[in-house]
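Student: What follows is a protein structure lacking sequence information:
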């Protein structure tokens, strides 16, 4: 017994790295599935979008970059898949310039999957600097902020945007956040114009947005990889977030096991010595 606990304390750290690597690879390669129970705040987002009449228009704001892509991009895919399945329409903008290609990739991929047509069912308007000014101007006159799409096509030439004058024609603003842009959506769009706001964010940012949810200033909150996996579960498919949650859970269990084993070996080693 003494020898065993001594070996545990002197274990080569490379063994731990190998075990953790297997903990990441095995669930992915074996396609393990985890039973996911969507949280109430995520279900509110799904139920709200589901309740909107067919043909509604949603404004999606890409407010993150590649560093937050693993958490936020899956929820963008799930939301787009849900909206297109309902035959609703999407206008997409970006307040982070580095988020432009991420939003465009997801939008084009999900549009192809659903057989949607650019200009008729969706449009990408691109990035405009100014944040608060842009949000306020869209509430007054959409075209004062975005007069054309990212290709330079006039907005009135796109059927999907032809009837959009301000937030009154938008079913909801869906802000996907890795920073503080969500605060601006609440303060300048929701508080001033009364537009419905749904926020999705990285896990580290989500706690900052819960007060808005509790105050009913946002409809719903999709937080982190767990929130993205919840939304995938509600939409009815297994995506990268669901797979990532399974892998993450396995690795967390391994880490907890290593911590307990290390502390037990240390305590017993001291007692025996």
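Tutor: That came in fine, so what should we check first? Since this is a predicted model, take the numbers as computed values, not measurements.
Student: what residue is smack in the middle of this protein?
Tutor: Residue closest to the average C-alpha location in the chain (C-alpha atoms, centre = their mean): residue 72, at 3.0 Å.
Student: wait, isn't that residue in contact with residue 231?
Tutor: No: between residue 72 and residue 231 there is no contact under C-beta atoms under 8 Å: 11.4 Å. Where C-beta positions appear, they are placed from N, C-alpha and C, glycine not excepted.
Student: before we move on, the earlier item: how about the contacts made by the residue nearest to the centre of the chain?
Tutor: Neighbouring residues of residue 72 by C-beta atoms under 8 Å, 6 or more residues apart in numbering: 64, 176, 177, 178, 200, 201, 202, 228.
Student: Doesn't the last one lie inside a strand?
Tutor: To tie it back to what came earlier, the one meant is residue 228. No: the assignment for residue 228, made by DSSP: H, G, I helix; E, B strand; the rest coil, is helix rather than a strand.
Student: Quick check: it vs residue 143, distance?
Tutor: Applying C-beta to C-beta, to the nearest Å, the value for residue 228 to residue 143 is 33 Å.
Student: Of the two, give the one with the bigger neighbour count.
Tutor: residue 228 (29 against 17; other C-beta atoms under 10 Å).
Student: what sits against the more buried one?
Tutor: Residue 228 neighbours (C-beta under 8 Å, 6+ apart): 71, 72, 74, 75, 78, 200, 222, 239, 241.
Student: The helix or strand encompassing the last one - contacts with which helices or strands?
Tutor: Element membership of residue 241 [criterion: DSSP states H and E] is helix 240-272. With contacts defined as 3 or more C-beta pairs under 8 Å, 6 or more residues apart in numbering; DSSP states H and E, helix 240-272 has these neighbours: helix 2-9, helix 13-29, helix 69-85, helix 224-235.
Student: mind putting those helices in a markdown table, mean pLDDT and distance to residue 56 included?
Tutor: Formatted as a markdown table, these follow (pLDDT from 0 to 100; distance: least, C-beta to C-beta, whole Å):
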| stretch | mean pLDDT | distance to residue 56 |
| --- | --- | --- |
| helix 2-9 | 73 | 59 |
| helix 13-29 | 84 | 36 |
| helix 69-85 | 96 | 8 |
| helix 224-235 | 94 | 17 |
